[in-house]
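1. what's the 3D shape of this:
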Amino acid sequence: MENAGLKFEWQAAEIDERTIEASIEERSPDKVAIVLAGAKALDVSRHFPSALVIGSDQTMSLGDRVYHKAADRAGAKDTLMSLSGRTHRLNSAVVIARDGQIIWEHVSHALLTARVFNEDFVERYLDRVGDKALTSVGAYQLEGEGIQLFSSIDGDYFTILGLPMLPLLAELRNLRAIDA
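-> Below you'll find the model as predicted:
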């Protein structure tokens, strides 16, 4: 957002993501991402009356499976092995709230196809990246060594990073919050 020329303040939301997710009836990957992004925006919005508050969240899905960050190396290995040779989807949601109300929401998608790799490669990859594998839902960062895991990517860079900037900027212009 800084690189896009936006001036903003940052505040972490204080929500329990797994509890909120468990309360969602329709747990599609898009719905989970939107609900969590909305919960973050609403939580912060209550502390900053009149401010436009942006919340975001990303889920990763493969078929009906919705992934979460791995708790340990074994979980990261399981995640990576399940992606080998398959195409998964990143579902990046962004929400704008003001005065405790959601005023806009959007979900963008990216499709990532992992090349086929074996357990020995995954072990060596995890040795090299260490605990970074536990900081993202897919156990990879495309901006780092994780790019080596993929054979093709269909989607914009910002959606992959977890914040769909192009639709967000369009809405901020629509709201006259930034120069149009």
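2. could you pull out the strands in the protein for me?
-> 53-62, 65-67, 87-98, 101-114, 150-154 (DSSP state E).
3. buried sites along the fourth one?
-> Going by neighbour count (16 or more other CB atoms under 10 Å), the buried part of strand 101-114 is Ile102, Trp104, Glu105, His106, Val107, Ser108, His109, Ala110, Leu112, Ala114. To be clear about C-beta, it is placed using only N, CA and C from the backbone, and glycine gets the same treatment.
4. can you check what angle separates it from strand 53-62?
-> 30 degrees (axes from the mean of the first three to the mean of the last three CA atoms, to 10 degrees).
5. strand 101-114 pairs with which strands?
-> Looking at strand 101-114 with DSSP bridges, its partner strands are strand 87-98 (antiparallel), strand 150-154 (antiparallel).
6. distance from the helix ranked longest in the chain to the middle of the chain?
-> For the chain, the helix with the greatest residue count under DSSP state H is helix 29-45. Centroid separation between helix 29-45 and its chain, computed with CA atoms, centre = their mean, to the nearest Å, is 11 Å.
7. that older thread, nearest to Tyr125 among the buried residues of strand 101-114?
-> Ala114 (11.5 Å; CB to CB).
8. mind listing what that closest one touches?
-> Leu80, Leu83, Ser84, Gly85, Arg86, Thr87, His88, Leu149, Phe150, Ser151 (CB atoms under 8 Å, 6 or more residues apart in numbering).
9. okay, now the unreliable bits of the chain?
-> Within the chain, no range satisfies pLDDT under 70.
10. give me the nearest residue to the residue positioned nearest the centre of it, chain neighbours excluded.
-> Computing the C-alpha centroid of the chain and ranking residues by CA atoms, centre = their mean puts Gln58 first, at 2.3 Å. Computed as CB to CB, 6 or more residues apart in numbering, the closest residue to Gln58 that is not its neighbour in sequence is Gly162, at 4.1 Å.
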